[in-house]
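Participant: got a predicted structure here, sequence first:
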Amino acid sequence: MTALTARQVHRRYLILHGLRWAPTGLLIPVWVLLMLERGLTLPQIGLAAAVQGLAVLMLELPTGGLADAIGRRPVLIGAAAANLASLALLVVADSFALFVAVMLLQGLYRALESGPLESWYVDATLAADPAARYEGGLSQGGVVLGLAIAAGSLASGGLVALGPVGPVSALTGPVLVAALFQVVSLVGLVLLLVEVRPAAGAPTLTASIRQVPSVVLGAVRLLRRSRILLALISVELFWGFGMISFETLMPVRLAEVAGDADRAAALLGPVGAVAWLASAGGAALVPAVARLIGAPLTAAAFRVLQGATVVAMALLAGPVGVVAAYLACYAIHGASNPVHMGLLHRQVDGGHRSSVVSLNSMVAHPAGALGGVVLMGIAGASTVSLAMLVGAAVLAAAAPLYLVSPGPSWIGRRGRWVWNGRPTEPPRRI
């Protein structure tokens, strides 16, 4: 098979990235409303969501190791198939048990697809051109993500506004369209994602699967060896906790300042779409800012700035101010992810890339769960504004972690050993 050029890899990555996120954009506006329409209560919806989070937490790192062991292409195709199955079940689900099954499939999908596409892009780009700078492509991927979700959200709203079509309810229409997009995404993966690997028969596949635990352990060992990598993974803990302040608490805060929950709900539809456009715009600015002050300082500044936007949401007294701060928050959110992922990829080689990316994603889930308990508890016991201020402080507190310097390390160079930059004797094996 002819190897891809760096330009071809870049183009295919953006196409596949857009196809991956378009179904998500279609589902976001109707996800909870559809479950309510089908008879679930809010506590049941919360339990179902917890099942999905637990599934992701348990499967994230092993599936990342699976991608490193058997290849990114088969794992991504399996992920797309799992999502298609979940959407097909979502169309007909009408009980708590069926929605739990939907969430389990969604958890499997998210665990499988978290990391392999980015890892394929980085490795394929470096294979085509070892001197290539892939951070710009990751940034453009963030732009595509925001545009795909914004377009999907707007299309979903339009489909709902059309009303029911025959036996299909207004809220079910976007799910069917999302399933069609998922079919296109699956076909795109089969046709566009080229991964040159040795021919794998059943024995090779079995051997690759047996490698998964060692690959996962290797990724975890990297955290012990690299202070920078450990710091970057730790950022995700703060980020996952603090995200509750602008994802979960913002609608409650908007209802407070708007004086009416229905008015706030009417605002959230178009505001959500614009927020993802702002996220895309923020991602587009990353390369210029990173070139100006460097990626680590850029990432640290974004943590502080995002905390400041959450402070503004907590303290501003009118809907216009809260919405403006929310849009600014999402612009910074969209800019933060590409620079964070670029720094992460620089710390790991291809053999453990998907595992480390999965580990980065995995730690956000328990942090988000803890953030939900703590911040919602503060909001209930005191005020929503105080809870948002705590979340803002946690977001900003992650900034210094981007500025961690490499610790002293042993490096072997052509038979010589160097300790923290100075020639010395080789370390003794213990």
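Facilitator: Now that the structure is in, tell me what you want to look at.

Participant: all contacts plus neighbour counts: C-alpha atoms, from now on.
Facilitator: Noted.

Participant: could you point out which element follows the helix ranked longest in the chain?
Facilitator: Ordering each helix of the chain by length in residues (DSSP state H) puts helix 261-293 first. Remark: after helix 261-293, the chain's next helix or strand is helix 295-315, criterion DSSP states H and E.

Participant: what residues sit buried inside the longest helix of the chain?
Facilitator: Using 16 or more other C-alpha atoms under 10 Å as the test for burial, helix 261-293 gives 261, 264, 267-268, 271-287, 290.

Participant: got it, and stretch 317-330?
Facilitator: Those would be 319, 321, 322, 323, 324, 325, 326, 327, 328, 329, 330, for stretch 317-330 by 16+ other C-alpha under 10 Å.

Participant: separation between the fifth one and residue 250?
Facilitator: This points to residue 324. 12 Å (C-alpha to C-alpha, to the nearest Å).

Participant: and if you look at the third one?
Facilitator: Summarising the geometry, the distance separating residue 322 from residue 250, computed by C-alpha to C-alpha, is 8 Å.

Participant: correct me, but residue 405 touches residue 227?
Facilitator: Yes: the criterion here is C-alpha atoms under 8 Å, and residue 405 meets it with residue 227 at 7.4 Å.

Participant: more crowded one of the two?
Facilitator: Between residue 405 and residue 227, residue 227 has the larger neighbour count (other C-alpha atoms under 10 Å), namely 16 against 11.

Participant: pretty sure the more buried one sits against residue 404.
Facilitator: Yes: between residue 227 and residue 404 a contact is recorded at 7.2 Å, counting by C-alpha under 8 Å.

Participant: before we move on, back to that, quick one, the longest helix of the chain and helix 295-315 angle?
Facilitator: Angle, helix 261-293 to helix 295-315, by axes from the mean of the first three to the mean of the last three C-alpha atoms, to 10 degrees: 160 degrees.

Participant: helix 261-293 - contacts with which helices or strands?
Facilitator: helix 135-162, helix 249-258, helix 295-315, helix 319-345 (3 or more C-alpha pairs under 8 Å, 6 or more residues apart in numbering; DSSP states H and E).

Participant: now do it, average pLDDT.
Facilitator: Averaged over helix 261-293, pLDDT sits at 79.

Participant: what angle separates it from helix 319-345?
Facilitator: 40 degrees.

Participant: so what's residue 185 closest to, chain neighbours aside?
Facilitator: Leaving aside its sequence neighbours, residue 185 sits nearest to residue 19 (C-alpha to C-alpha, 6 or more residues apart in numbering; 5.2 Å).

Participant: who's in contact with that neighbour?
Facilitator: 148, 181, 182, 184, 185 (C-alpha atoms under 8 Å, 6 or more residues apart in numbering).

Participant: likewise for residue 325?
Facilitator: 309, 310, 312, 313.

Participant: next: residue 82.
Facilitator: 105, 106, 108, 109.

Participant: which one of these has the most neighbours?
Facilitator: Result: residue 109 is most packed of those (other C-alpha under 10 Å), 27 neighbours.

Participant: leaving out the residues flanking it, which one is nearest to that residue?
Facilitator: residue 79 (4.7 Å).

Participant: pull the number of nearby residues for the one you found.
Facilitator: The burial count for residue 79: 23, using other C-alpha under 10 Å.

Participant: out of the helices and strands packed on helix 261-293, flag the one nearest residue 377.
Facilitator: Closest approach to residue 377 among the helices and strands packed on helix 261-293 (C-alpha to C-alpha): helix 249-258, 11.4 Å.

Participant: for the helix or strand that contains residue 230, which positions count as buried?
Facilitator: Using DSSP H and E, residue 230 sits within helix 227-247. By 16+ other C-alpha under 10 Å, the buried positions in helix 227-247 come out as 227-246.

Participant: same for that helix, what does it pack against?
Facilitator: helix 212-225, helix 319-345, helix 353-362, helix 364-381, helix 384-397.

Participant: surely residue 56 is in contact with residue 105?
Facilitator: No: assessed by C-alpha under 8 Å, residue 56 is found out of contact with residue 105, at 9.9 Å.

Participant: adding mean pLDDT, write the helices and strands packed on helix 227-247 out as TSV.
Facilitator: Shown next, in TSV, are the helices and strands packed on helix 227-247 (pLDDT from 0 to 100):
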stretch	mean pLDDT
helix 212-225	69
helix 319-345	91
helix 353-362	74
helix 364-381	82
helix 384-397	95
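
Participant: winner for burial among those helices?
Facilitator: Comparing the helices and strands packed on helix 227-247 by mean neighbour count (mean count of other C-alpha atoms under 10 Å), helix 353-362 ranks first with a mean of 27.

Participant: is it correct that residue 39 falls within a helix?
Facilitator: No: looking at residue 39 with DSSP: H, G, I helix; E, B strand; the rest coil, it is coil, so not inside a helix.

Participant: so it makes contact with residue 93?
Facilitator: No: using C-alpha under 8 Å, residue 39 is not in contact with residue 93; the gap is 10.3 Å.

Participant: so for the two, which sits in the more crowded spot?
Facilitator: residue 93 (19 against 12).

Participant: does that one really touch residue 99, like I thought?
Facilitator: Yes: applying C-alpha under 8 Å, one finds residue 93 in contact with residue 99, separated by 6.1 Å.

Participant: residue 84 and residue 92: what is the separation?
Facilitator: In terms of C-alpha to C-alpha, residue 84 sits 13 Å off from residue 92.
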